[in-house]
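A.B. asks: Build me a model from this:
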Amino acid sequence: MLELFANRTYRRLFLAQIIALLGTGLLTVALGLLAWDLAGAQAGSVLGTALVIKMIAYIAVAPIASVIAETMPRGLLLITLDIIRAGIALMLPFVDQVWQIYVLIFLLQSSSAAFTPAFQATIPDILPDERDYTRALSLSRLAYDLETLISPIIAAALLSFAGYQLLFAGTGAGFLLSALLITFAALPAIATRSDAANFFDRTTRGIRYYLATPRLRGLLALNLAAASGGAMVIVNTVVYVQSVFQGSESEVAIALAMFGAGSIVSALLLPWVLETVPDRIAMTTGAIIIFVCLLLTSAVSASWQHGWEALLILWFAVGFGYSLVLTPSGRLLRRSCHKADRPKLFAAQFALSHACWLVTYAVAGWLGAYAGLGLTSLTLAGLAGTGILIALVVWPHRDPASVVHTHTNLQLGHPHIEDARRNGEAFVHEHEFVIDEFHKAWPSKQ
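C.D. replies: Got it, this is the predicted structure:
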């Protein structure tokens with residue numbers, strides 16, 4: 001993996017990602033403390049609402065932002081969004097009303113909903129070789145996992161000699177440093193094509209192309225499985241540790257670290273695994289691991305002699321399966337579109353995957369509070385199992401890049417069918433198949 005850093009542009013972008021993620025981690029800690037200052041015992045409700053607002057912003061803004069992004073140079077877009085995020089972070093210490101938190105969080109997460117897909121869509125342009133890109137995806141997964149481990153440590157160190165307001169300053173500094181690094185990265189231009197379609201058509205194109213592609217419908221279903229496991233860990237770890245096992249805050253951190261450790265191990269192994277195992281098998285295996293772990297988690301209780309140890313093992317396994325599902329997703333997206341449509345497809349994945357998280361967060365939180373952890377885990381296992389079954393049905397086992405297909409909507413002489421053979425009024429040919437303006441639906445027979 002380390003040879004990727006010989007690419008100067010990728011090296012700067014990866015460092016920018018690391019720094020921005022650390023800043024975001026500091027923001028998570030600071031928001032909790034700010035919510036406590038403003039709402040006291042109702043801080044959990046404030047944070048829960050902020051989380052819902054975050055998901056709504058991600059779902060609603062990403063497809064729109066992908067269209068607006070076409071009007072700006074890629075580097076300028078990413079730098080501008082980083083500066084906006086820094087400005088919002090630096091405003092947060094001065095709020096004195098809960099509603100102000102909600103407004104600023106919506107603006108901040110809307111900026112992230114525009115930034116993240118555009119950033120992700122840049123990496124395959126920089127690393128066109130699939131093997132290099134797979135390694136970059138694993139490094140990106142590692143960056144996210146390490147952030148969850150390192151940011152709380154940095155936050156605790158800063159809080160030992162200053163107030164939480166300093167954490168917001170750290171967040172702002174992280175975004176500004178990210179913008180600076182992107183400034184010095186030589187980013188390729190966004191591939192564009194002449195497009196006379198109206199704004200609504202362009203906004204929804206990514207989602208329509210995504211849902212028309214069988215392997216991406218399978219990816220969405222597996223996203224539901226990954227979100228089911230992730231939501232159980234993120235929302236209910238503190239409940240398991242402090243309520244079921246009467247543990248300490250440090251043990252909450254240990255349990256969450258086990259989830260992160262499982263994800264890290266999986267991300268490290270994946271570049272080698274995916275050289276011999278198809279994406280569909282690897283990702284489905286990860287989802288099955290999550291499903292089994294959620295079933296077992298439903299039985300975890302204080303009555304188990306080794307219940308605490310069992311929870312740690314299960315969380316490690318959930319993290320392992322989680323990374324197996326999510327890390328290869330960029331490979332599927334790159335394989336499923338033309339370069340010009342890549343930002344829209346990444347934005348569609350961003351929005352649709354977070355719609356899954358919105359559902360699973362609600363189940364993990366509300367059902368956990370009113371029906372207990374056992375039923376909550378079984379319900380999330382049911383969602384994960386449903387996602388697995390859907391993926392197996394809609395994502396064909398045989399999924400070649402090149403597909404024989406028929407055109408009935410193009411006239412003789414059209415350049416796209418110059419190599420096709422005529423079959424009555426139709427034209428038949430074979431090439432690497434993706435959904436686009438000439439191919440509105442996937443061939444029913446392959």
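A.B. asks: Next, work out how far apart Asn409 and Leu146 are.
C.D. replies: Between Asn409 and Leu146 the distance, using Cβ to Cβ, to the nearest Å, works out to 49 Å. All C-beta spots, glycine's among them, are computed from the backbone N, C-alpha and C.
A.B. asks: neighbour count winner among these two?
C.D. replies: Leu146 (17 against 11; other Cβ atoms under 10 Å).
A.B. asks: and the gap between that one and Gln120?
C.D. replies: Distance, Leu146 to Gln120, using Cβ to Cβ: 18 Å.
A.B. asks: cool, Thr284 as well?
C.D. replies: 23 Å.
A.B. asks: swap in Met55?
C.D. replies: According to Cβ to Cβ, Met55 and Gln120 sit 18 Å apart.
A.B. asks: host element of the most centrally placed residue in the chain?
C.D. replies: For the chain, the residue sitting closest to the mean C-alpha position, by Cα atoms, centre = their mean, is Phe350 at 5.9 Å. Per DSSP states H and E: Phe350 is located in helix 342-362.
A.B. asks: could I get the helix or strand that contains Leu180 in CSV with only the CA atoms?
C.D. replies: Using DSSP H and E, Leu180 sits within helix 165-183. Only the C-alpha atoms of helix 165-183 are listed here, as CSV (Å, rounded to 0.1, in the frame of the first residue of the first chain):
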residue,chain,number,x,y,z
GLN,A,165,-14.2,25.6,22.7
LEU,A,166,-10.6,24.8,21.7
LEU,A,167,-11.9,21.6,20.1
PHE,A,168,-14.0,23.7,17.7
ALA,A,169,-10.9,25.7,16.9
GLY,A,170,-9.1,22.4,16.2
THR,A,171,-11.9,21.4,13.8
GLY,A,172,-11.7,24.6,12.0
ALA,A,173,-7.9,24.3,11.7
GLY,A,174,-8.3,20.8,10.4
PHE,A,175,-10.6,21.9,7.5
LEU,A,176,-8.3,24.8,6.7
LEU,A,177,-5.2,22.6,6.5
SER,A,178,-7.2,20.2,4.3
ALA,A,179,-8.0,23.1,2.0
LEU,A,180,-4.3,24.1,1.9
LEU,A,181,-3.2,20.6,1.0
ILE,A,182,-5.8,20.4,-1.8
THR,A,183,-4.6,23.8,-3.1
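A.B. asks: quick one: the helix or strand harbouring Ala227 to helix 342-362, angle?
C.D. replies: Here Ala227, judged by DSSP H and E, is contained in helix 214-239. Taking axes from the mean of the first three to the mean of the last three Cα atoms, to 10 degrees, one finds that helix 214-239 is oriented at 40 degrees with respect to helix 342-362.
A.B. asks: Can you point out the buried residues in helix 214-239?
C.D. replies: In terms of neighbour count (16 or more other Cβ atoms under 10 Å), helix 214-239 has its buried residues at 214-237, 239.
A.B. asks: after the helix or strand where Thr122 lies, next one along is what?
C.D. replies: Taking DSSP H and E as the criterion, Thr122 maps to helix 98-126. Following helix 98-126 in sequence order, the next helix or strand is helix 130-159 (DSSP H and E).
A.B. asks: Excluding chain neighbours, what is closest to Ala20?
C.D. replies: Distance criterion Cβ to Cβ, 6 or more residues apart in numbering; nearest residue to Ala20, sequence neighbours excluded, is Ser178 at 4.1 Å.
A.B. asks: Could you report the separation of the one you found from Gly23?
C.D. replies: With Cβ to Cβ as the criterion, Ser178 and Gly23 are 8 Å apart.
A.B. asks: repeat for Ala384
C.D. replies: Counting by Cβ to Cβ, the gap from Ala384 to Gly23 is 32 Å.
A.B. asks: Who has more neighbours out of these two?
C.D. replies: Ala384 (31 against 28).
A.B. asks: The more buried one against Met232, yeah?
C.D. replies: No. Using Cβ atoms under 8 Å, Ala384 is not in contact with Met232; the gap is 9.4 Å.
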